[in-house]
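**Student:** no FASTA, just this:
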């Protein structure tokens, strides 16, 4: 997955704005920060984040490392719309000679299922 696709999928699903930073990172904020700082995402097929690392750090800094795609523990309308659109595109990917797995099709489908379940609510680690 290209860096731009990674950001679209995992970072820009919701508009972001300036929020005041907390005194210390929560467990989730710290995990997000460590993931971006490491430059790799161990769960991704194309795990290198170096091409988007600076952009993601800047985005998360502006919102105090809170989830970009959730609001009050729920996926934003933009996140839901993006996931639906990605799934529609990926369903047809093979028909135009693309390999859906190259675009994390399974992971995006699993994300949609997860976000529809109560397991994504506060108390469960979200990165």
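**Tutor:** All right, it came through fine. As the structure is a prediction and not an experimental result, all values here were calculated from the model. Numbers count the residues shown, from 1 in each chain.
**Student:** Every contact and neighbour count from this point should use C-alpha atoms.
**Tutor:** OK.
**Student:** Look through the protein and tell me its longest helix.
**Tutor:** helix 77-93 (DSSP state H).
**Student:** For the helix or strand following that helix, name the packing helices and strands.
**Tutor:** Next along the chain after helix 77-93, taking DSSP states H and E as the criterion, comes helix 105-115. If you count contacts as 3 or more C-alpha pairs under 8 Å, 6 or more residues apart in numbering; DSSP states H and E, helix 105-115 packs onto helix 77-93.
**Student:** buried set for the helix it packs on?
**Tutor:** 79-80, 82-83, 86-87, 90, 93 (16 or more other C-alpha atoms under 10 Å).
**Student:** Below-threshold pLDDT in the chain: ranges please.
**Tutor:** Residue ranges of the chain with pLDDT under 70: 1-24, 120-127.
**Student:** Which residue, neighbours along the chain excluded, lies closest to residue 37?
**Tutor:** Counting by C-alpha to C-alpha, 6 or more residues apart in numbering, residue 37 lies nearest to residue 53, which is 7.3 Å off, once chain neighbours are set aside.
**Student:** That neighbour: neighbour count?
**Tutor:** As a burial measure, residue 53 scores 19 neighbours (other C-alpha atoms under 10 Å).
**Student:** show me the contacts for it.
**Tutor:** Contacts of residue 53 were listed using C-alpha atoms under 8 Å, 6 or more residues apart in numbering, and they are 36-37, 39.
**Student:** Would you mind checking these for buried ones?
**Tutor:** By 16+ other C-alpha under 10 Å, those give 36, 39 as buried.
**Student:** Taking their axis directions, the longest helix of the chain and helix 105-115 sit at what angle?
**Tutor:** Per axes from the mean of the first three to the mean of the last three C-alpha atoms, to 10 degrees, the angle that helix 77-93 makes with helix 105-115 is 150 degrees.
**Student:** Give me the packing partners of helix 77-93, helices and strands only.
**Tutor:** helix 105-115.
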